[in-house]
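> structure for the following, please:
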Amino acid sequence: MDRAAVDELRLENMRRSVRLLYERNRQRGHAAWCDRDYDFVCPSSVTYPFQWFWDSCFHAITLSHFDPSRAESEIAGLLANQQPDGFIAHVTFWQREAYLDRLASYAIAYRTPYLSDCIQPPLLAEAVMAVAAGGRGAAYLREVLPAVRRYYDWLRDVRDPDRDGLIAVLQADETGLDHSPKFDAELGLTGGVGDDYTAAWHRVADPYAAVGRDPARMFALDRFIDEDVMINTIYAENQRVLGELLAQVGERDAAADFAARATRTKDALVAKCWDPEAGLFWDLAGLDEHPLRTSTITSLFPLLLPDLDAAIAARLVTQLEDPATYAAPWPVPSVSRAEPSFQPGRAGDDLVWRGATWVNTNWYLARGLRRHGRPDLARRIEDATATLIERWGFREYYDALTGEGHGAPDFSWSAVILDLLEARSSEDAVSRVREEPAAGGS
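Here you go, the predicted structure:
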C-alpha cells in the first residue's frame, strides 16, 4: 500500500474515532441561571464536564470538519455569556449543580458562580475562521465578528497596561500551562509537590480578591505578571486572522487595524523576548519584565508566525531537531530534555506541563513548520501524534519517551489531530493534481 493510501486509511479511521469521542463528551441541556440552552463538547466527561475556553476553540476547529452546526454551537456557548466590556470567561459552568463535587478539586477564581474570572490562550479568531470555512462563510462571520472584536479589544485594553503590544496573565493557570517549571522560581517552588502549587495559587489569587479582582489593582500588586510567549504568539496570530476575517466581510479599516496590531505584537516578541544567544524566546515576568529562562515548548512557539524572520525560525527548527532538547522519541516534549525539571510523562501529584507531549501544542508547531518550509519535520510530528492516539487513545498528554498516555481519558482537544490530517490530505491531493500532467507527458 503506497503512502497516499495509508494516509487516507488513517484519516478515515481518525474521523470515525473523533465522531464517537465527541458524542461521548457532548453536553446538552438548559441552564436556568441564564435561561439558555447549551450544546458543547466538554474536555473530558470523567474529569472536566464544563465548557473551557481554549478547549472549546480546539473542539470547534475539529467539529468544522464534520458537523458545522455543532461547531457553531461550540462558539455560541463561549459567546453566550460574554460580559459587556468584552471579557469571556475561561470556564462556563453551564450545569454547575450537577457536578458540585467536582468543584472542590478546582482552583478557580469566580466572577459569578457560573463564570470564572480568568482568561485562557486567545485562539477564538482561529476557531471562528475554521467554523466559517466549514459552514456558512461570510454570513456566519457577520453574526459573530462584533463579539469577537470586543474580546480582542478587551485583551488589548485590560491586559496590556504598558501598551507594548504584549498581553499579560495574572495567574499561572491563565496560560493553560498550570504547573510548567518555567513558573517555579517565580512562585517560590522547587517543583513536584501538588500541595505546594495549591498554596502558591492561593498566595497569588487571594490578594486579588482583597482588591475586588480589579485588573489595574491586580497589576499594581505585582503578585504574578507574565507576558507569556505562547499566549502572545497566539494573540499575534489571532489578531492577524481576525484582520483577514474582517476583510472578508468588507470592513477594511478594522482589518487594517488588526493587521497592524498583529505586527506590533510579533515585533514586541522579537524585540523583548528573543534571546539570540540561547536561540529561544523567554517569558517576561513582573512589572520589571525579567526573563524566565527555562526552556519550555513556549520558547519555540513564535515559529507559528508566518512573518517571523527566517533566521530566527531556523534557530527554532534546530531546537526541534536536537535530541538533547526537543527531538524526543514522541515529539514534542513540553519542556526541553536539557532542563533539570524535565519529566517526560506523568509527574508527581498529577502535575502537568512538566515535559510530557501534548497534541494541541503539536498542532501549532506542525503548522509553523509548514509555514517555514519544513513539511518533512511537520509530517514526522503529525504521524507521531496520530500514532500516540491510535495506540493509547485520546489522552490529555503522553510520555515523550515511551508514548504512554496519561491524564484525563477521552480528552477532546487531542482530536484536533484531525485538523492536521485533513489539511495534509487536501495539500497532498493538490500536489498530485499538479504532478499528473508532467507524469503523462505529451
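
> what is the helix or strand hosting V128 packed up against?
Per DSSP states H and E, V128 falls inside helix 124-134. Here helix 124-134 touches helix 53-63, helix 68-79, helix 138-159, helix 229-248, going by 3 or more CB pairs under 8 Å, 6 or more residues apart in numbering; DSSP states H and E. Where you see a C-beta, it was placed from the backbone N, CA and C, and this is true even at glycine.

> what angle separates the helix or strand where M14 lies from helix 53-63?
For M14, the host element (DSSP H and E) is helix 3-24. Put simply, helix 3-24 runs at 130 degrees to helix 53-63, going by axes from the mean of the first three to the mean of the last three CA atoms, to 10 degrees.

> list the buried ones in helix 3-24?
Within helix 3-24, the residues that count as buried by 16 or more other CB atoms under 10 Å are D7, E8, R10, L11, M14, R15, S17, V18, R19, L21, Y22.

> which secondary structure elements does that helix contact?
By 3+ CB pairs under 8 Å, 6+ apart, helix 3-24 packs against helix 53-63, helix 375-392, helix 417-440.

> tell me which strands whichever helix or strand comes after that helix pairs with, and in which orientation.
Sequence-wise, the next helix or strand downstream of helix 3-24 (DSSP H and E) is strand 26-31. If you go by DSSP bridges, strand 26-31 pairs up with strand 36-41 (antiparallel).

> now the strand it pairs with and helix 68-79, what's the angle there?
Using the same axes, to 10 degrees, strand 36-41 lies at 120 degrees relative to helix 68-79.

> mean confidence for strand 36-41?
Across strand 36-41, pLDDT averages out at 98.

> export that strand as PDB, just CAs?
C-alpha atoms of strand 36-41 as PDB (Å, rounded to 0.1, in the frame of the first residue of the first chain):
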ATOM      1  CA  ARG A  36     -30.100  29.500  27.700                       C
ATOM      2  CA  ASP A  37     -29.800  26.100  26.000                       C
ATOM      3  CA  TYR A  38     -26.300  24.800  25.700                       C
ATOM      4  CA  ASP A  39     -24.600  22.200  23.400                       C
ATOM      5  CA  PHE A  40     -20.900  21.800  23.700                       C
ATOM      6  CA  VAL A  41     -18.100  19.200  23.800                       C
END
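
> can you list contacts of it?
Contact partners of strand 36-41, identified using CB atoms under 8 Å, 6 or more residues apart in numbering, comprise 22, 25-31, 51, 56, 59, 63, 70, 73-74, 77, 80, 94-95, 412.

> any idea how far G250 is from V211?
Plainly put, V211 is 43 Å away from G250 if you go by CB to CB, to the nearest Å.

> so the two - more neighbours on which side?
Neighbour totals were compared for V211 and G250, and V211 leads with 13 against 10 (other CB atoms under 10 Å).

> could you measure the more buried one against A109, distance?
V211 is 12 Å from A109, by CB to CB.

> go on, W54?
From W54 to A109 the distance is 17 Å (CB to CB).

> ditto for D37
D37 is 27 Å from A109, by CB to CB.

> which of the contacts of strand 36-41 count as buried?
22, 25, 27, 31, 51, 56, 59, 63, 70, 73-74, 77, 80, 94-95, 412.

> of these, closest to S426?
L63 (17.4 Å; CB to CB).

> for the spatially closest residue to that closest one that is not a sequence neighbour, give its distance to L9.
Closest residue to L63 in three dimensions, ignoring its sequence neighbours and counting by CB to CB, 6 or more residues apart in numbering: A71, at 3.8 Å. Look at A71 and L9: by CB to CB, they are 25 Å apart.

> thinking again about what came up before, buried set for the helix holding V128?
L124, A125, E126, A127, V128, M129, A130, V131, A132, G134.

> so where's the chain uncertain?
Counting by pLDDT under 70, the chain shows low-confidence ranges at 191-192, 437-442.

> what's the most buried one of the helices and strands packed on helix 3-24?
Highest mean neighbour count among the helices and strands packed on helix 3-24 (mean count of other CB atoms under 10 Å): helix 53-63, with a mean of 27.
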